[in-house]
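Visitor: Just need the structure, nothing else, for what follows:
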Amino acid sequence: MPNATYRGTAVDDLLISASARTIDGVNGILGQAGPDAFRSGTDLPYHGVMEFDSADLADLEASGQLEDLVPLGALLADLERFAEADAVYRQALSAYDEVSPFPLAWVCFQLGMLWGELVPVPDADVAGRWYQRAIAYVPGYVKARVHLAEIYASQGGTVHAESLLRPALSSRDPEVQWRLADVLSAQARFDEAERQLDAARFGLPTLGLTAGARTVSVAADGSITSLTLNGHVLIDVCAALS
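Guide: Below you'll find the predicted structure:
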């Protein structure tokens, strides 16, 4: 895809600008989005806008409910209001008073993503602590294990990274196998790494799984089920229970 420039900013794919403004008040249109700049000679956009109704954002915060606060935190992160997003996610943790650990793990994962990937200067240590909390709530939280393993591997902790990824192999998530292959390669265990790459490419069973392991899959793709709370998809997780 050809590079482009939008108002002095280089764009190698797609740049999206997010903002909050008055649209139609509470309980109407939460947000709207669309492209507004296209590459010359094609219909491929290089810039788009996302606009959120400021009244609806205020209403979500006022509800004080986790299922409203977490989407609000994500919207604030999209608006690059990172400190506010962090505060809202923490408010969601404090507000939750139910028994299930899944929503708490979901919030912790969002905080890990916020500090590990979304803020201008990522803080791997803070992100890692949130991923650890997510895993403490739901030990089989595959995405949290993958992200925490990436942090460990980037800091030279390939043994810890491998220990996180091995139990997640039963999810059959190719990302687990790709990341484990990277970790094994870093340990010069190239034959094992190649087997994981083959499994990721062709969907073959991987080695080292506990016989008879039972899996509980909770996600939002077509191959597994989804966990929802009041209509919101909460978590993408596969818990391996031995």
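
Visitor: quick one: least confident helix or strand in this protein?
Guide: Taking mean pLDDT, DSSP states H and E as the measure, strand 214-218 is the helix or strand of the chain with the lowest mean score, a mean of 32.

Visitor: three-state assignment of the residue with the largest distance to the centre of the chain?
Guide: Largest separation from the mean C-alpha position in the chain: residue 41, at 34.7 Å (C-alpha atoms, centre = their mean). Here residue 41 is coil, with the state taken from DSSP: H, G, I helix; E, B strand; the rest coil.

Visitor: quick one: it from residue 12, how far?
Guide: 18 Å (C-beta to C-beta, to the nearest Å). All C-beta atoms are positioned from the backbone trio N, CA, C, and that covers glycine.

Visitor: Also residue 3?
Guide: For residue 3, the distance to residue 12 - C-beta to C-beta - is 5 Å.

Visitor: So, low pLDDT: which residues of this structure?
Guide: 1, 16-27, 29-31, 50, 52, 54-62, 203-242 (pLDDT under 70).

Visitor: which residues touch residue 116?
Guide: 122-124, 126-128, 131, 147, 151 (C-beta atoms under 8 Å, 6 or more residues apart in numbering).

Visitor: so it sits in a helix?
Guide: Yes. Assigned with three-state DSSP, residue 116 falls within a helix.

Visitor: please renumber so the chain begins at 7
Guide: Sure, I'll start numbering at 7, so the last one becomes residue 122.

Visitor: Tell me how far it lies from residue 160.
Guide: According to C-beta to C-beta, residue 122 stands 10 Å off from residue 160.

Visitor: Overlap of the contact sets of these two?
Guide: Contact criterion C-beta under 8 Å, 6+ apart; residues shared by residue 122 and residue 160: residue 130.

Visitor: What segments of the protein are helices?
Guide: 60-69, 72-84, 88-101, 108-119, 130-143, 148-160, 164-171, 180-192, 196-208 (DSSP state H).

Visitor: so which of those helices gets nearest residue 42?
Guide: Set against residue 42 and scored by C-beta to C-beta, the helices of the chain come closest in helix 72-84, at 16.7 Å.

Visitor: give me every residue that touches residue 10.
Guide: Contacts for residue 10 (C-beta under 8 Å, 6+ apart) come out as 16-17, 43, 45, 52-53.
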